[in-house]
Every structure is written in C-alpha cells, then in structure tokens.
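Asks: Pasting the sequence and the predicted coordinates here, then a few questions.
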Amino acid sequence: MKEQKRKIAIVIPAYRVKNKITQVLNSIQDNVNYVIVVDDCCPQESGKLVESQEFPSIEHLEVIFHQENKGVGGAVVTGYKRALELGCDVVVKVDGDGQMDLDYLPKLIAPILSGESDYAKGNRFVDFKMLRQMPKIRLIGNSILSFLLKAVSGYWNIMDPTNGYTAIGKEALKNINLEKLSERYFFESDMLINLNIHKRAVKDIPIPAKYDDEESSLSVTKIIFQFPFYLMRGGCRRIFLKYYIYDFNMASIYLIFGIPLLIWGTSFGLYQWWWHVHHSTFASTGTVMLAVLPLILGTQFLLQAIHIDIQSNSDSHK
C-alpha cells in the first residue's frame, strides 16, 4: 500500500469543550480522511455545536453521541471502533480542549506510516521553555507518574506516558481488546500496558503542549486514590500475561524467587528488629543473616528481572 493512500482518522472525545472544539476542528489540515467527534454526554452539547457548523478542510466529519458519560477512554474506544469500521490505517487521538498542536500531526504519524512503530505519542518533557508554561502541580504529578508507569507498562524508554496526543496503527489497534480498556483517566496508561503485552513498538515524539484557559475535568482526588490501585493491577496483569502465559524466560524465574525472598527478608528483618528492641537484646549473627541474605538475593533477582524487561522492550524496537 502506498503511503499517500493510507487512511488517516482523528478521534476527538468531547466533554466540556464547547469553547475550544471549533478551534480544534478548524486547525485540522486536509491530509486527514476522517474526523470522528464523540460527544460523551457533554452538558454543553459540544456535539450539536459541531454539527451546526461547516469545516471546509475536513473531508469527512462524523459526530457520535453517547447517551451516558463513559469517560475519555470510553469515548475514544467508540471512536476507535468507528475508525476500524471505516477501514482507517492510522487513528490519531486528539483532545477537544486545544492543548494539542495539530501542526505536529505529520511527525506523530510518520513512524507508523514508515513501519518504525505501532504506536506514537507526544512527549512534552523535551522543551524547557514549554515546560515552564505547564502548571507546577501538573508538572510534578506527571514526573512521578512517568516513573511509575515506566515500570508498570514496561516501556522504560519513554517519558510523559499520560500524554493523550497519540496515534496507533490499524494492526496494533486490532490486537487490543477495546472492551477491556479503562474507560476513564487510566486509559492512556492502560493502552501502553496492553501494547507491551503484545510486544508492540512505541515511540515518543517531541510535541509541546499549549496551556490556556481550558477547563479540566480531571479530579486530583481520584488520581491520588485510584491510580495506585490501577497501577498495581495493570502491572501485575502485564507481568503475568507477558512472562507466564505468552512467554517464559529467565525473568519469569527471577520473579518467582525474587519476590518471596524480598518479602521474607523485609518482613522477618522488621519483626526481629522490633522484637529485639522491645526486649532490649541483640540479634545473633545467624538471625541477621536470615533477614539480610534473602533481602540481598531478592533485590538482585528483581534487578535482573527488570534488566530483562528493559532489554525485551529495546529488542522490540529493532
């Protein structure tokens, strides 16, 4: 298939973006075949606003309405399904709040069209001047999440994993069970976890974000209390499927021995420390070794498993 004949679709989840959605649509260039706006039961009726206007540069515009709010992930999945029905080869997810610069769209989809990558995502952490525009609390939160999601998703070579400016190839999209993806704020992270399970290549594309007066529906409270659970569940699922169902290698063995040894060494050591402090006695050398040796071995085994995980991700990009 020639590159110029590839069908490109943009999926835009619309919720409380009435003030920005038309600006986003007007900035779409004529190299896009389909634009799918998913009104996620928006109280501002963003979808009806889109339907009432014309956008000459858009070849085919379609608005889908949800009868109930499903969250950003649920809206994007609806758009993904429609894009597959339309036979699109690359599907780009763009938010309707105007933060994503569509001038960078060709760079975002280029590695997918060339076959270099299956999934491409924006990375805001490359331009210091643009980072200064990012709200400080969001910058700190993204930095912490970036590290945690590297471990959980297995993509140790990427930054800014929660970035929602993404593009995915048709074959990679078909691999993913869209019905099982998280429907709300964990959506982008869940996508990365599922892509890693299927050994799909992911590439970072330096793209600055634009911050203005957009209204965010993201709840900091939900992030603090819900994300740790989602991270733990997603990480365990990825490790189980990748290293015990779809494959079995030395990382699998290191994890089998490393985790119990680390848990035993830590719990036994803490208990002995508490007991001897409480009774004002000193632990024997043998007791200390029963805690320290498993702790050291467990840590070394886990570090080896992480090394293999990093290496396996690097190999998938070759």
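Replies: On my side now, so go ahead. Numbers count the residues shown, from 1 in each chain.

Asks: who touches the most centrally placed residue in the chain in this structure?
Replies: Residue closest to the average C-alpha location in the chain (Cα atoms, centre = their mean): residue 189, at 2.7 Å. Residue 189 makes contacts with 145, 149, 152-153, 161-162, 182, 230-231, 234, as judged by Cβ atoms under 8 Å, 6 or more residues apart in numbering. Any C-beta I mention is one placed from the backbone N, CA and C, and that applies to glycine too.

Asks: If we use 10 Å, what do you get?
Replies: By Cβ atoms under 10 Å, 6 or more residues apart in numbering, the contact list for residue 189 reads 73, 145, 148-149, 152-153, 161-162, 182, 227, 230-231, 234.

Asks: Now for the residues you listed: which two are most distant?
Replies: 73 and 148 (18.6 Å; Cβ to Cβ).

Asks: Give me the more crowded residue out of the two.
Replies: residue 73 (22 against 15; other Cβ atoms under 10 Å).

Asks: Which secondary structure state is assigned to that one?
Replies: With DSSP: H, G, I helix; E, B strand; the rest coil as the basis, residue 73 sits in helix.

Asks: That one and residue 188, how far apart?
Replies: From residue 73 across to residue 188, the span is 8 Å (Cβ to Cβ, to the nearest Å).

Asks: ok, and for stretch 114-130, which residues are buried?
Replies: Buried residues in stretch 114-130, counting neighbours by 16 or more other Cβ atoms under 10 Å, are found at 117-125, 130.

Asks: re earlier: and the contacts of residue 189, which is closest to residue 136?
Replies: Nearest to residue 136 among those is residue 145, at 14.8 Å by Cβ to Cβ.

Asks: Report the lowest-confidence entry in the buried residues of stretch 114-130.
Replies: Lowest pLDDT among those: residue 130, with 64.

Asks: Can you get me a residue count around residue 85?
Replies: Residue 85: 8 neighbours (other Cβ under 10 Å).

Asks: Now do stretch 264-284: everything it contacts.
Replies: Residues contacting stretch 264-284 (Cβ under 10 Å, 6+ apart): 287-299.

Asks: and it, average pLDDT?
Replies: Mean predicted confidence for stretch 264-284 is 93.

Asks: can you list residues touching both of residue 73 and residue 188?
Replies: Counting by Cβ under 10 Å, 6+ apart, the residues touching both residue 73 and residue 188 are 181-182.

Asks: Max pairwise distance over the buried residues of stretch 114-130: which two?
Replies: 118 and 130 (26.7 Å).

Asks: Would you confirm that residue 8 contacts residue 83?
Replies: Yes. When contacts are counted by Cβ atoms under 10 Å, residue 8 is listed as touching residue 83 (9.4 Å).

Asks: list the residues that contact both of those two?
Replies: Counting by Cβ under 10 Å, 6+ apart, the contacts common to residue 8 and residue 83 are 33-34, 89-92.

Asks: Beyond the lowest-mean-pLDDT helix or strand in the chain, next helix or strand please.
Replies: Lowest by mean pLDDT, DSSP states H and E among the helices and strands of the chain is helix 128-131, with a mean of 66. Proceeding N to C from helix 128-131, the next assigned helix or strand is helix 136-153, under DSSP states H and E.

Asks: so how many other residues sit close to residue 89?
Replies: Neighbour count of residue 89, defined by other Cβ under 10 Å: 20.

Asks: And it, its phi and psi?
Replies: Dihedral pair for residue 89: phi -90, psi -30, per degrees, to the nearest 10.

Asks: Then residue 125?
Replies: Per-residue torsions, residue 125: phi -90, psi 40 (degrees, to the nearest 10).

Asks: ok, it to residue 174 distance?
Replies: If you go by Cβ to Cβ, the gap between residue 125 and residue 174 works out to 30 Å.

Asks: And for residue 77?
Replies: 13 Å.

Asks: and residue 151, how many neighbours?
Replies: Using other Cβ under 10 Å, residue 151 has 14 neighbouring residues.
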